[in-house]
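[1] 3D, please:
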Amino acid sequence: MEFTSFAAVGDSFTEGVGDELPDGRARGWADLVAQGLAFSSKEPVSYANLAIRGRLLDAILQEQLPAAIALKPQLLSLNGGGNDILRPRVSIDAVAQRLVDGAKQALDAGIHVILLSGANPSDHLPMGKRISARGDALAAAVHSKIPAQPGLTFVDNWADPELRHLDYWSRDRLHMGVSGHQRVAANVLAALDVPAPDFGPRAPSIQRPRNSAYWREYVLPWIGRRLTGKSSGDTRTAKYPTLERVATE
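    The predicted structure follows:
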């Protein structure tokens, strides 16, 4: 099937954090998928991205998903739960069920759904084993609940061993870098049987902070936001809230 309209919802993974353009705007895998759809289509392709960094799954499903469905795209991507499983207490099964229920909402509206997992950053993070265990449990729970029906494409980036290499991650080690977003875009397009365009060269090696500097720059501020109930996306809005034509030149 050739898709000529695509909407994406989610958190920082789908917003594109870690793949910043020279002007500071986040690009990311969803933007690259939109480009791939546009390059392979004989008709103009339109694209919306309602994802906002830091969002928990309930906010994605209650705010972004209905707005995306209202745009009536032919294709919709759904990812979420990554911020939820970083909380001290979480029901993995409940997160998985809400994800699948959200996908069903879009399916019932006649939209083809890409339900996709994020990549696994745990090899490079403090408390990585705990994060990995929760991510494994979420992936297994989603797998067990996915309905076997046309119109739903599942892309399991969590199980992609290539994406675990540090070169695919940004300076903060939690968000994917340029090459990581390119890899995920290629995974999604392959699952849709759409050829991936040339995304350009992989990013050069990143100068990464030493362990103490890393904690000061990233870990302690993150802990501070958790303790105060704040999020990096509190003052942000969706970068592309309506369907816009994707440029192919």
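[2] where are the low-confidence patches of the protein?
    The chain contains residues with pLDDT under 70 at 201-205, 218, 220, 222-223, 225-231, 233-234.
[3] Could you grab the helix/strand/coil label for the residue of it positioned farthest from its centre?
    Of all residues in the chain, residue 212 has its C-alpha farthest from the mean position, at 28.6 Å, by CA atoms, centre = their mean. Using DSSP: H, G, I helix; E, B strand; the rest coil, the structure places residue 212 in helix.
[4] same check, this time on residue 32
    helix.
[5] shouldn't it be in contact with residue 180?
    No. With contacts counted by CB atoms under 8 Å, residue 32 stays clear of residue 180, the gap being 11.2 Å. Every residue, glycine included, has its C-beta placed from N, CA and C.
[6] More neighbours: which of those two?
    residue 180 (29 against 24; other CB atoms under 10 Å).
[7] Give the buried residues for the strand or helix carrying the more buried one.
    Element membership for residue 180 (DSSP states H and E) is helix 178-191. Using 16 or more other CB atoms under 10 Å as the test for burial, helix 178-191 gives 178-189.
[8] likewise stretch 162-172?
    163-164, 168-170, 172.
[9] which residues touch that stretch?
    17-19, 119-121, 123-124, 157, 173, 175-177, 179-180, 183-184, 202, 205-209, 217-218 (CB atoms under 8 Å, 6 or more residues apart in numbering).
[10] quick revisit: how much space is there between the residue farthest from the centre of the chain and residue 86?
    According to CB to CB, to the nearest Å, residue 212 and residue 86 sit 22 Å apart.
[11] closest to residue 44 among the buried residues of helix 178-191?
    Using CB to CB, residue 189 comes nearest to residue 44 of the buried residues of helix 178-191, at 18.1 Å.
[12] That closest one against residue 199, yeah?
    No. Assessed by CB under 8 Å, residue 189 is found out of contact with residue 199, at 10.3 Å.
[13] Which parts of the protein are strands?
    5-9, 46-49, 75-78, 112-117, 152-156, 240-245 (DSSP state E).
[14] what would these look like in JSON lines with mean neighbour count and distance to residue 129?
    Putting those into JSON lines (neighbours: other CB atoms under 10 Å; distance: least, CB to CB, whole Å) gives the following:
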{"stretch": "strand 5-9", "mean neighbour count": "28", "distance to residue 129": "30"}
{"stretch": "strand 46-49", "mean neighbour count": "24", "distance to residue 129": "32"}
{"stretch": "strand 75-78", "mean neighbour count": "26", "distance to residue 129": "27"}
{"stretch": "strand 112-117", "mean neighbour count": "22", "distance to residue 129": "18"}
{"stretch": "strand 152-156", "mean neighbour count": "17", "distance to residue 129": "20"}
{"stretch": "strand 240-245", "mean neighbour count": "14", "distance to residue 129": "37"}
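[15] Tell me, how many residues neighbour residue 57?
    24.
[16] From residue 127, how far out is it?
    From residue 57 to residue 127 the distance is 20 Å (CB to CB).
[17] With residue 135 instead?
    12 Å.
[18] More neighbours: which of these two?
    Between residue 135 and residue 127, counted using other CB under 10 Å, the more crowded position is residue 135 (22 against 10).
[19] How about the contacts made by the more buried one?
    85, 117, 120, 122, 158 are the contacts of residue 135 under CB under 8 Å, 6+ apart.
[20] do you know how far it is from residue 8?
    Taken as CB to CB, the span from residue 135 to residue 8 is 21 Å.
[21] what's the answer for residue 76, then?
    In this view, residue 76 and residue 8 are 7 Å apart by CB to CB.
[22] Now do the shared contacts for those two.
    residue 68.
[23] coming back round to it: let's have the buried residues of stretch 162-172 in a markdown table, adding distance to residue 149.
    Shown next, in a markdown table, are the buried residues of stretch 162-172 (distance: CB to CB, whole Å):
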| residue | distance to residue 149 |
| --- | --- |
| 163 | 27 |
| 164 | 31 |
| 168 | 32 |
| 169 | 34 |
| 170 | 36 |
| 172 | 38 |
